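Enquirer: What follows is a predicted protein model with its sequence.
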Amino acid sequence: MTEPVRANTAVVPPQPVRVAPAPRSQWWGVWDQFRTHKGALAGLGFFVFILLAVTLGPLLWTIDPTFIDIRARNQGPSLAHPFGTDQLGRDTLARMISGGRTSVSVGLMAMVLSLILGTLVGVLAGYFKRLDGLLMRFTDLFLALPLLPLLLVIILLFRDPLRAAFGPETGIFILIVGVIGITSWMQTARIVRGDVLALKEREFVLAARSIGTPNRRMITRHILPNVLSPIMVSATLGIANAIITESALSFLGLGFPSDFPTWGRLLFDSTDYLQQYPERVMWPGLAISLTVLSVNYIGDGLRDALDPRIRGR
Amino acid sequence: MKLKTALLGAAAAVALTPVMATADAHTGERGRDGEVKVIYWQAVSILNPFLSGGTKDVEGASLILEPLGRYDQDGNLVPFLATEIPTVANGGVSEDLTTITWKLKEGILWSDGTPFTSADVVFTAEYCMHPEGGCAQLAKFEGVENVEAIDDLTVKVTFNEPKPNPYLPFMGGQSPILQAAQFAECTGARAPECTDENFNPIGTGPFTVTEFRPNDVITMAANPNYRDASKPAFATLTLKGGGDAAAAGRAVLETGEYDYAWNLQLAPEVIANMAAAGKGVPVSAFGTLVERLEMNMTDPSPDLPEGERSTAKHPHPILSDIRVREALSIAIDRDLLVEIGYGQAGRATCNLVPAPAMYASDNTSCMPQDLDRARALLDEAGWSDTNGDGVRDKDGKKLALLYQTSVNAVRQDFQALIKQWWEEIGVEVELRQIDASVYFGGDPGSPDTFQRFYADVEMYANNFDGTDPEAYLAAYTCDKIPSPETQWQGENINRFCDPAYEELLAELGRTGDLDERGRIAKALNDMLTKDSHVIVGLVDRGRVSAHSNTLGGVILNTWDSELWNAADWYRTE
Amino acid sequence: MLTFTIRRLILSVPTLLFIALVIFLLLELAPGDPMAQVPMTVPPEVKEKMRLALGLGEPGHIRFWKWLVQFFWIEPLNLFDHYFGTTFAEGKLRVISWQTRSPVMDIVVQRLPQTLWVVGMAYIVGVLIALPIGIYSAYRQYSLFDQAGTFVSMIGYSVPPFFSGVLLIVIFSVQLGWFPSIYDTTHVVNDWASFKVQLRQMIMPVMVLALQTTAQISRYMRASMLDNLNQDYVRTARSKGMSEMVVVMVHVLRNSMIPVVTVIALGVPSIFGGAIITEQVFKVNGIGQLLITAIQANDLPMVQTLTFIFAILIVVFNLIADILYGVLDPRIRYD
C-alpha cells in the first residue's frame, strides 16, 4: 500500500542530530522538519526579506515617500527612481517601502487579532456546550452587522480618544488594526467550532478526559494542535484580507490619511492609470501577492512541522 | 432708470433662438435615429426633482419634465414652455419687481395627450409649497405669496417683497412643471406614497418613461406628443447608472458602448488617454463651481469643552490673524493644481464667484505663488522657528494645522501638494479625509461634517443655481454660523462675521439695477477673498462630460441640466 | 436532531429581534445624514423640512416599532395580497426607501435576478471548481498540480476585485472587444441568442467572483483533507482492501467536510449580500450596489431591511451548517 501523500517527505534524509538524546527541546525538531520543506524555506526567506526591506529600507533609500517633485511626474524606472514616480512625482520605491511597513504590520497584527478572537470564541463554543448557544448567536450578530455603518460608528467613537492618547499616527494604526480584527474573526470562529465539535467526540479526547485531564490542558494539548490546519489557512487568507481591507478603508476615508502610503492604497490609486503606466500597478500588486504567498508557504511548512505524525518519520 | 431689470438673459435669449433652430438642419421624422444610451455613474433614484434634489435625479427628470424656461450654455434665459422670458421691458415683470407674469406656449400637450395649461403651473407651486411635502426645491419658491392662473395660458406669480431676481420658480431643471391631473392625490404627506407617479411622471419633455428601475437604469421612449414633430431624433433612450467615473468614461470613449457619459471627474491625463482611443470626445464647460479652502475663524481645539469647539466663543489662535491666512493663500501654486487635477476643465481663481462675467471680480491677488512673501508675512505675524525643527512657533505654540476634505482622488492630490507648500513655509500640516456621505451630510451627531468644521482648514466645492449670486453671498452672515444652538446647521462655514458685509448685502437685496448689482456682488466677493482671505479660492471647476463621435447636437450646459437639449440630439453617420 | 432544529428555530426569533435592534441602534448612532446627497445650494431650512417629511422627527423607538410592524406584518400581507388578489394591506404604509420613495421590497425583488445570475452563479462555479482542486491538491500534496493550484489561488485571493475587474475590462472589453464592460440588467433571456448575450455579459464578473470563492474554499478543503489523510482510520480502510477511490472520496472526504461546510454555509448568505465592488466595477447593479448606494445616501429603511434579510439568511444557513455537522459526523450531538 502506497502513501502517496507523504511520498516526498519520506525521502528526506534522517537528520543526524536527531540521534542525540533528551536535552533538545521539541522546537528543534519542529525547525528540522520545517527546514525540509523547500516552499516554506523560500517563503520564510522572502518574508524576512520583505521585513528587512520595510524596516531597514528607509536607511538605504532616503527619499521621503511624501516628497513631491513636480518636474519628475509619471516617470518610468530610472536610476534616480528605480520603480518610477507617480502622478505627483513621488518616488514609487520610497512609497513601496513606507507602504509596506504599514501594510505588513497592519496585515500581521490584524490577522493575529482576528485569529486570537476567532480561535478563542470557536474553541470555547465548541468545547463548552453551555457557551455554545450564546457565543454562536453572538457570532451571528457580528456576521449580520453591516460593515460600513459599523466602521463609521467605531471611528466616530474611538478616533479622537485614540488620537489624543497615542498621537495621530499610532492612534489611527490601532484603530485600523482593531477595526479589521474585530470585523473578520467570525469565519475562523465558526470553522474552529465545527472542528472542535467533531474532535470532542474522538477517542483520544475521550481517553484523555477519562484520565481526568483538566479542561485547560485538554484544550491546549489536545484540541488546539488538532485544529491548527484550518487556523493556518485562516491566517494566510487573513493577511491578504487585512491588507486589502485596509485599502478599502482608506478609499472610504476611514483609514490612514492620504499622505500615508500603503500597498493597498498604491494599488487602488494606480488602477486608474492601468493603461498608461502598467508598471505602477505591478509593484504593489506583486508585493501583496508575494507576501501572501510566502505566508501561505510558511503556514504549510509550519503545519507539517507541528504535526508529530509527520515529524516522527 | 433703476429698474432696468432687463436681466442679462432676456435680451440674449431672443438672440439665441435662431441658434437653437440651426440644430434642425438634421430634421426628419421623430425617432429616426433609433436608440441613444447615456451613462451616469450616479444612478437616478427618483424622477420627481421636488422629492430628491440630487443632481442625478434632477437631470434624469429633465428628459421628461420641463420648466417654463431654462438657462442655456452661456447662462442666458431661454423660454421652454413659455413664449418668452418675462422682463420689465416686455411688461412681464412689474415695475416694482413684485410680480412676474408668464405666458405659456399654445398647443402644448402632455405625453398622455391632454393639454398643458396654467392650472398645471399653479398646481406645481402648491405641490412644492405644501408644508408637509418636504419639497427639496422649496427655496425656489421662497417669498412667493401667490401663484394664480389669469387664463389658460397666463400665470402670475406674486412675491411678498420686490425680487430683483424673479426667475426662481418654474425656471431651470430644479423646478419643472408637474401635471396636475397626475399628482393631484400626491400632495403633502402623501407625496412619498405615490411611487408610480414619482417613477413615471407625465411630462411635456422629449421622452417618456418605459421602465424605471430605481438606482439602476431607465428606459425611455420618444414622447409621441412632443411639440416638435421632428424631435426627438431618437426613438428610445437608455439612462444607465452606477459604477464610477472611470468606467463611464471608458464605456463612451474606449469601447463605444454608450453615447454620453456625465461628469467625468478624472485626472486630465486619464481622460486624454481614453479619448485617444478615438471612439468619442470629451467636452467641457465652466459654471460657478469653485473648489476652495475655508479658513476656520473659530478654535476647533479638542481641548475645549464640547459645545464650545468651533464656535464664536473662541477665536482661532492661529488663523484669526489675516497675515497667516494670506501667507497660506499665496503659498499655493494654483496653476499647478489646475494642471494636475482638472486640465482643460479648470481655471485658477482667487474668487468665490467666478462667473457670470458681470458678477466676477477681477481679483487675482492670490496669484502667482510667492513663498518668500508668505514667509515674510509669517515672520511679521510673529511666527518663527525658534527651535530649529522646521516648524514655526510663537509663545510655545506650534504653527500646526489640521486640513480636512472629503474622499476624492483629486482632492487627495491637492492635499498632498498644498501640504508640501505649507511645510516649505514652516507650517506643520495634518491631513484628514472623510467619507463624503458623512462630510456633506448634516448629521448633528457627527463631528466630521463640513458644517461642524472640527479642523483648521477645509476644502470643498460649491456653486449656485442659476446666474444670480445673491443667495450664495448671503450665506456669510453672522446668523448663519453653524453652532450647537442651530444643531450645527448653517451655511456660514468659516464663521465670518462682519457688519459691513451684512450692510452691503442688504443693499444688494434692495438693488434692481444690474450694473449696480454687479458692482456690489464683486465688492462682497472681495471682502471674503482679497480683503480677508477667509475663503481661499483655488480652482474654478468646469464640467467634463463625453459623447461618442456619432452623437450630434450635444451642447454642454453647466447652468441647467446637462441633458437640457436632449430633444435636439441626433445620430451623425 | 429534530427537536434540536425546532428549538433552534424558536430560539432564532428572539435572536433575530435582538439583531434587528442592534442594527437599528447602530444605524442611528452612525454619522451620516440622508441629506448628504442633496446639493449644497439647497438651504438648511429646506433640508430640515425634508428630514421631517422622511419621518426623522419622531423618536427612535417609535421609528423602530414602525419598521417592525411594516416588515413583519404589512410586507407579508402585501405578499399575500399579491398572490391571492386580496386587499388586506391596502392603504397601509410599507417599508419605504428614502432615496426612491418606493417600497424597499419591490426594489429588492427587482434586483434579485441579476444578483442570482452573477453572484449566485459565481458562487456555484467557484465551489464546483474548488472542491476537486482541494481534494486532488491534498491527495497529491506538493505535486506540480498542487503547487500550481496553491500559486494561482493565493494570487487570485490577494488581488482585489477593484483591480482584477478593471484589468479584465481593459483586456477583454477595450483591447479585444469580446465582452461588454457594462452589464445590461434589462436584458431578457428568451431564446438561444439572448442566452448567449447574457453569457457574454456575465462571464467577466463571474470570473472575478469565482476566483475569490475558489481560492478560499480550495484552501480549506485541502488543509482539512491533509489532516485526515494520515489518520488511523484511513490506514485501516486501506488495509481492509478498500479501493483508493472509496477511501478518499467516501471516508476521508466525509470527515474533511466540516470546515468546508462551514465556509460554504457562511458564503451562501453573502450571495444575497451581493458583491459590492465587483457589481460596481461591472455595473451589475444587484443587491450589493443597492446596499452601498443606500448606505452612502443614508437611506436607513433600505439599509435596515437589507441587512435584516441578510441576518435571517445567516441565522438559517448557520443552522443548516450545524445540522450538516451532525449528518457528516453522527457523533456530534446537540441534544
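Expert: Everything's here; your move. Since this is a predicted model, take the numbers as computed values, not measurements.
Enquirer: With adjacent residues omitted, what lies nearest to residue B:134?
Expert: residue C:53 (2.3 Å; Cβ to Cβ, 6 or more residues apart in numbering or on different chains). (C-beta placed from N, C-alpha, C; glycine too.)
Enquirer: Residue B:517 touches residue B:508, doesn't it?
Expert: Yes. At 6.4 Å, residue B:517 and residue B:508 qualify as touching, with contact defined as Cβ atoms under 8 Å.
Enquirer: Among the two, which residue is more densely surrounded?
Expert: residue B:517 (23 against 20; other Cβ atoms under 10 Å in any protein chain shown).
Enquirer: Pass me the low-pLDDT residue ranges in the chain, would you?
Expert: All of this refers to chain A. A:1-25, A:251-253, A:308-313 (pLDDT under 70).
Enquirer: my question was about chain B
Expert: B:1-26.
Enquirer: tell me the domain ranges of it?
Expert: Following the assignment in automatic domain parsing, chain B carries domains at B:2-279+B:549-571, B:286-467+B:534-542.
Enquirer: so how far is chain B from residue C:12?
Expert: 31 Å (Cβ to the nearest Cβ, to the nearest Å).
Enquirer: The residue nearest to that residue when sequence neighbours are not counted is in what secondary structure piece?
Expert: In this structure, residue C:12 finds its nearest non-sequential neighbour in residue C:315, 5.0 Å apart by Cβ to Cβ, 6+ apart. Per DSSP states H and E, residue C:315 falls inside helix C:300-328.
Enquirer: coming back round to it: can you count the residues close to the residue nearest to residue C:12?
Expert: Residue C:315: 25 neighbours (other Cβ under 10 Å).
Enquirer: With residue B:224 instead?
Expert: Neighbour count of residue B:224, defined by other Cβ under 10 Å: 12.
Enquirer: For the nearest residue in space to it that is not next to it in sequence, give its distance to residue C:72.
Expert: Leaving aside its sequence neighbours, residue B:224 sits nearest to residue B:111 (Cβ to Cβ, 6+ apart; 7.1 Å). Noted for residue B:111: a distance of 40 Å to residue C:72, by Cβ to Cβ, to the nearest Å.
Enquirer: At the contact with chain A, which residues of the stretch 101-250 of chain B appear?
Expert: residue B:246 (Cβ under 8 Å from any Cβ of the partner chain).
Enquirer: so where do the helices sit in the stretch 101-250 of chain B?
Expert: For the stretch 101-250 of chain B, applying DSSP state H, counting those that start in this stretch gives helices covering B:118-129, B:180-183, B:195-199, B:245-249.
Enquirer: which helices and strands sit right next to the third one?
Expert: Contact here means 3 or more Cβ pairs under 8 Å, 6 or more residues apart in numbering or on different chains; DSSP states H and E; on that basis helix B:195-199 packs against no helix or strand.
Enquirer: nearest to residue A:106, of the domains of chain B?
Expert: domain B:286-467+B:534-542 (17.3 Å; Cβ to Cβ).
Enquirer: Next, the distance between the ends of the closest one.
Expert: End-to-end distance of domain B:286-467+B:534-542: 4 Å, with Cα to Cα, to the nearest Å as the criterion.
Enquirer: Briefly note if that domain comes near chain A.
Expert: Yes. Interface with chain A: domain B:286-467+B:534-542 contributes B:302, B:336, B:340, B:406-407, B:409, B:412-413, B:415-417, B:419-420, B:430-436, B:438-439, B:446-448 (Cβ under 8 Å from any Cβ).
Enquirer: who's in contact with residue A:140?
Expert: For residue A:140, the contact set (Cβ atoms under 8 Å, 6 or more residues apart in numbering or on different chains) comprises C:15, C:19, C:311, C:314-315, C:318.
Enquirer: Filter these down to just the buried residues.
Expert: Among the contacts of residue A:140, those buried by neighbour count (16 or more other Cβ atoms under 10 Å in any protein chain shown) are C:15, C:19, C:311, C:314-315, C:318.
Enquirer: biggest separation within those residues, which pair?
Expert: Greatest spacing in the buried ones among the contacts of residue A:140, by Cβ to Cβ: C:19 and C:318 (12.3 Å).
Enquirer: Check the gap between residue B:411 and residue B:342 for me.
Expert: 12 Å.
Enquirer: Need the per-residue pLDDT for the closest residue to chain B within chain C.
Expert: Taking Cβ to the nearest Cβ as the measure, the point where chain C comes nearest chain B is residue C:53, at 2.3 Å. If you check residue C:53, the pLDDT there is 78.
Enquirer: how much space between it and residue B:536?
Expert: From residue C:53 to residue B:536 the distance is 37 Å (Cβ to Cβ).
Enquirer: what sits against the residue of chain C closest to chain B?
Expert: B:132-134, B:189, B:191-192 are the contacts of residue C:53 under Cβ under 8 Å, 6+ apart.
Enquirer: now do 10 Å
Expert: B:51, B:130-136, B:188-189, B:191-192, C:98, C:101 (Cβ atoms under 10 Å, 6 or more residues apart in numbering or on different chains).
Enquirer: Same question for residue A:150.
Expert: Residues near residue A:150 by Cβ under 10 Å, 6+ apart: A:142, A:179, A:182-183, C:22-23, C:26-27, C:29-30.
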